[in-house]
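*Asks:* What follows is a predicted protein model with its sequence.
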Amino acid sequence: MTFLSVKDLQVSFQTEDGLVQAVDGVTFDLEKGKTLAIVGESGSGKSVTAQAIMGLHTGRGVKIAGEVNLDGTDLIAASDSTLRSMRGNSMAMIFQDPFASLHPFYRIGNQLGEAVTAHRKVSKKEARAEALRMLNKVGIPNAEQRIDDYPHQLSGGMRQRVMIAMALINGPELLIADEPTTALDVTVQAQILELLSELQAEFNTAIILITHDLGIVADMADEIVVMYGGRIVERAGLHELFYRPQMPYTVGLLSSVPRLDSAGSRLLSIGGQPPSLINPPSGCVFHPRCAAMNADSESRCKGERPDLRDVGEGHMVRCHLNEEERTAFATKRLAEVFTGE
Amino acid sequence: MSDREILRVENLKKSFPITKGILFKKEVGSVNAVNGINLTLNEGETLGLVGESGCGKSTAGRAILRLLEPTAGSVHFEGHDITKMSRHDLVPLRSRMQMIFQDPFSSLNPRHTVGSIISAPYAVQGIKPEGGVKNAVRETMERVGLNPEHYNRYPNEFSGGQRQRIGIARAVTLKPKFIVCDEPVSALDVSIQAQVINLLQDLQDEFGIAYLFVAHDLSVVRQISNRVAVMYLGYIVEQAARDDLYSHPYHPYTHALLSAVPVPDPKLEAKRERIVLRGDLPSSINLPSGCVFSTRCWKATDKCRTEMPELLELVPGHAVACHYPITESLGSDLITGPDSGFVEQPDRVVPPPSEVLQSLQGGRASRPKGIDYAEGEEPF
């Protein structure tokens, strides 16, 4: 049985301006010990998907449908108390901003200890010992002294380590990392990514990594989901996605990022702006910005919503173009990037 | 790009005092943000200033424009020493040096229309453009890829990328010769970043603007710069022409930085070895003795901990501040893994260069240079 299976997840928010369909029909599976990267721009629905899995969307105006199955438990249908007992225990989340996610009034040792006592029947002393063990594990120097620090006394990288320690203290089987290094410098980012990989290898954790940085994806992911306008537009294994991208949006992303390993020639940007989720474009959501659309496909691209189709080896693509057209476009675009001018 | 020097920064220092007491403020220390940097910039050239947060790169950019008063040192802009000028005398020069800010949200006044934001430089300088201010502003808006019909809209009606275009329009209104770009694309989405980088390059080609491009993203800096300076704790530790720096970095810190940036290519990523720096950036209140990088450097010796290395030219045009510069390994090893020098991956979709060349000559529709369309009509 698959460890985590998400089927046809739908999340919508009722707002003053209208109904925002933030996530529309997201489907994927994840096994233990593997990393799934969700890539997309702001507003693509990647964070909302993660928060829906954790059961963090509550309140009026939110509608969630579909199925999220974690090791036999349906998280969408689960009661609040079931979810509460699972969050921080069998599933945990790391957020982008480590300063906003730690309580400024409590010492980090107490916050870590609370995560232990909330789920296990242990004494305060044992909880503190556990907190100390975890702080050492995530590489906080002088953990014996730092355990009584307040969050503001730590640097950004240290705070993110504390967040990771807190997320992993109960040995969760699923870890969701929402842009875990975006607020950090590159050298610190390297430390944190290394730490995550080490801990994953040790605890056999399944990780959902949400990011917009394709470099981090190349470093960490086993499988990748590309989201655009609330939908999955492409899903493939790591090498398949980077070396045989099929969806014109993915190709556009790969060719528009400035690269450390090549320089100089003009970037091939994707024109236009991300779509509105209240009035999404008709047909394929990406068609107003798509450069691969041709005269033959135009009426379908503008009129029909494409389905997510399997093009072989579990590589799924949501595009009306045929394989020849997609490959030709990808080859031409990426060739221009890799060789320069 | 020409050889005419437009900016010369000498021994620039900026420190912020730390005071104690309420009525009788006493200085008890200082944050040493910039500790004596030297830079020159030619007309139409881009100098990338990279470093991690807290290295003083933004402070340096602001002190050069005198948005912050430098503590010591001098800044010569077009031959004038602007560090000693009065605020009043500085005003006319301001039309020739401008700034683009990182945050496209807080750098635009939410109560002013786009038209009044972009026309503000005319009002400040008392300049009346030919054909009227409104026409000139509309032209500028069109030039940066904004719809001139949006003249009377407010900033909140625009997306992040479009707001950054408004900020750029304001900066180029008076056709300046020098712009400090402080992280101009780091708040933008990936696909929008490329649009804004292209726009900045086009404006440079057209008006011959020199950029001081302050950024933390080494990939973006490689894309846009002619020369690059790497900063650490308020010092420039290495400075070179772009390709020299990325292919032959000498300073250990530059090595660590380059190796830490993930590359969007899984096979290269798997081969690369990361130099992971232990520990955090030291405090800029109590700078380490000797070389400021010695507390995190894996090559540091006693000499490094006591003696401050000077920024010296190791080869012409390539300066480094290190007692033990790394000469044996190549930057390409850091970026694309050992002994590769960026070889083509066999099963990459990229065809051999000859084919690419043919397909390029065979009529890649030439892209109208100059305009990066904001509204979605770009033909790629």
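*Replies:* Thanks, I have it.

*Asks:* A:Pro248 versus the residue lying closest to B:Tyr324 once chain neighbours are set aside, what's the distance?
*Replies:* Counting by Cβ to Cβ, 6 or more residues apart in numbering or on different chains, B:Tyr324 lies nearest to B:Lys299, which is 5.2 Å off, once chain neighbours are set aside. C-beta here means a position set from N, CA and C on the backbone, and glycine is covered the same way. Noted for B:Lys299: a distance of 47 Å to A:Pro248, by Cβ to Cβ, to the nearest Å.

*Asks:* The two: which has the busier surroundings?
*Replies:* Counted by other Cβ atoms under 10 Å in any protein chain shown, B:Lys299 and A:Pro248 do not tie: A:Pro248 has more neighbours, with 28 against 14.

*Asks:* pretty sure the more buried one is in contact with A:Ala291, am I right?
*Replies:* Yes: assessed by Cβ atoms under 8 Å, A:Pro248 is found in contact with A:Ala291 at 6.5 Å.

*Asks:* Could you name every residue contacting both of those two?
*Replies:* Residues touching both A:Pro248 and A:Ala291 by Cβ atoms under 8 Å, 6 or more residues apart in numbering or on different chains: A:Phe329.

*Asks:* buried residues in stretch B:306-318?
*Replies:* B:Met308, B:Pro309, B:Leu311, B:Leu314, B:His318 (16 or more other Cβ atoms under 10 Å in any protein chain shown).

*Asks:* Among the residues you listed, which one lies nearest to B:Glu69?
*Replies:* Using Cβ to Cβ, B:Leu311 is the member of these that sits closest to B:Glu69, with 24.2 Å.

*Asks:* For that closest one, which non-adjacent residue is spatially closest?
*Replies:* In space, and not counting its chain neighbours, B:Leu311 is closest to B:Ala321: 4.2 Å by Cβ to Cβ, 6+ apart.

*Asks:* and that neighbour, how far is that from B:Gly56?
*Replies:* B:Ala321 is 14 Å from B:Gly56, by Cβ to Cβ.

*Asks:* repeat for A:Pro248
*Replies:* Computed with Cβ to Cβ, the distance linking A:Pro248 and B:Gly56 is 42 Å.

*Asks:* cool, A:Gly157 as well?
*Replies:* Per Cβ to Cβ, A:Gly157 is found 19 Å from B:Gly56.

*Asks:* residues contacting residue 25?
*Replies:* As the question left the chain open, I've gone with chain A. A:Asp8, A:Leu9, A:Gln10, A:Gly66, A:Arg231, A:Ile232.

*Asks:* if you could check chain B rather than the one you did, that'd help
*Replies:* Counting by Cβ under 8 Å, 6+ apart, B:Lys25 makes contact with B:Thr19.

*Asks:* Show me where chain A has its helices.
*Replies:* For chain A, applying DSSP state H gives helices covering A:46-53, A:80-86, A:108-117, A:124-137, A:143-146, A:156-168, A:186-203, A:214-220, A:238-243, A:248-256, A:298-303, A:323-339.

*Asks:* Can you say which of these is nearest to B:Pro176?
*Replies:* helix A:248-256 (27.6 Å).

*Asks:* helices or strands up against that closest one?
*Replies:* Packing contacts for helix A:248-256, counted by 3 or more Cβ pairs under 8 Å, 6 or more residues apart in numbering or on different chains; DSSP states H and E, involve strand A:223-228, strand A:231-237, helix A:323-339, helix B:190-207.

*Asks:* Tabulate the ones you listed (a markdown table), appending mean pLDDT.
*Replies:* What follows is the helices and strands packed on helix A:248-256, written out as a markdown table (pLDDT from 0 to 100):
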| stretch | mean pLDDT |
| --- | --- |
| strand A:223-228 | 96 |
| strand A:231-237 | 96 |
| helix A:323-339 | 83 |
| helix B:190-207 | 91 |
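
*Asks:* With respect to A:Ala50, which of those lies nearest?
*Replies:* A:Ala50 lies closest to strand A:223-228 among the helices and strands packed on helix A:248-256, at 11.0 Å (Cβ to Cβ).

*Asks:* Which one's more surrounded, A:Gly157 and B:Gly56?
*Replies:* Legend: neighbour count by other Cβ under 10 Å for A:Gly157 and B:Gly56, higher for B:Gly56 (26 against 21).

*Asks:* Next up, identify which helix or strand the residue nearest to B:Pro325 when sequence neighbours are not counted is on.
*Replies:* Nearest-residue entry for B:Pro325: B:Tyr250, 3.8 Å, with adjacent residues in sequence omitted and distances by Cβ to Cβ, 6+ apart. Per DSSP states H and E, B:Tyr250 falls between elements, in no helix or strand.

*Asks:* can you check B:Arg138 too?
*Replies:* Using DSSP H and E, B:Arg138 falls in helix B:133-143.

*Asks:* Need the residues that contact that helix.
*Replies:* Contacts to helix B:133-143, defined as Cβ under 8 Å, 6+ apart, come from residues B:114-115, B:118-119, B:122, B:129-130, B:147-148, B:150-151, B:169, B:172-173, B:203, B:370-371.

*Asks:* What residue spans form the domains of chain B?
*Replies:* Chain B breaks down by automatic domain parsing into domains covering B:5-21+B:39-225, B:246-339.

*Asks:* A:Ala221 is nearest to which of the ones you listed?
*Replies:* Of all the domains of chain B, domain B:246-339 comes closest under Cβ to Cβ, at 8.2 Å.

*Asks:* gap between the closest one and the chain center?
*Replies:* In terms of Cα atoms, centre = their mean, to the nearest Å, the centre of domain B:246-339 is found 20 Å from the chain centre.
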